[in-house]
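**Q** sequence first, predicted model second:
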Amino acid sequence: MTQADLSLPERRRRTHSIFIWVIVLTLPFYLCGIILLVGFSGQPVAETQEATADGSTTPTVTATPSAQVTATPSFTPGGPTLTALPFTPTQFQPPSATPRSTETPGEPT
């Protein structure tokens, strides 16, 4: 059976099923990416255990804040860096084919 033998609804159904399978097959990669983003967010995690009234222990996980990084200004010898772009030449305008008006002798100006 060739592609030309399929009717329009069969081709649409086939295209839709291909798109659905592509979406379903890529979902695990999205989930792994989300798990990695949440798991490696940069916050250290401290795990502690608390004792309850009946003597059993319950582990609790708390996130501890990390050290803050502050920026300190530093001196760079030589002055500021030039960041402006140089001027560009004007755009080329070809000569016009329309004739210019010229003054003729004897006409008042």
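**A** Noted; the coordinates are in hand. Numbers count the residues shown, from 1 in each chain.

**Q** tell me where the model's unsure across the chain.
**A** Residues of the chain meeting the criterion pLDDT under 70: 1-5, 43-53, 55-67, 76, 79-82, 106-109.

**Q** which stretches of it form helices?
**A** Secondary structure of the chain (DSSP state H): helices at 8-39.

**Q** show me where it has strands.
**A** For the chain, the strands defined by DSSP state E occupy 45-51, 57-63.

**Q** between the two ends of stretch 92-101, how far is it?
**A** Between the opening and closing residues of stretch 92-101 lies a distance of 23 Å (Cα to Cα, to the nearest Å).

**Q** now do the buried residues in it.
**A** Of all the residues in stretch 92-101, not one is buried under the rule 16 or more other Cβ atoms under 10 Å. All C-beta atoms are positioned from the backbone trio N, CA, C, and that covers glycine.

**Q** cool, stretch 85-94 as well?
**A** Judged by neighbour count (16+ other Cβ under 10 Å), stretch 85-94 contains no buried residues.

**Q** going forward, begin numbering at 723 instead of 1
**A** All right, first residue 723 from here; so that's stretch 807-816.

**Q** show me the contact partners of that stretch.
**A** The contact list for stretch 807-816, computed with Cβ atoms under 8 Å, 6 or more residues apart in numbering, is empty.

**Q** gap between the two ends of that stretch?
**A** Counting by Cα to Cα, you get 27 Å between the two ends of stretch 807-816.

**Q** do the same with stretch 810-825
**A** Taking Cα to Cα as the measure, stretch 810-825 stretches 36 Å from start to finish.
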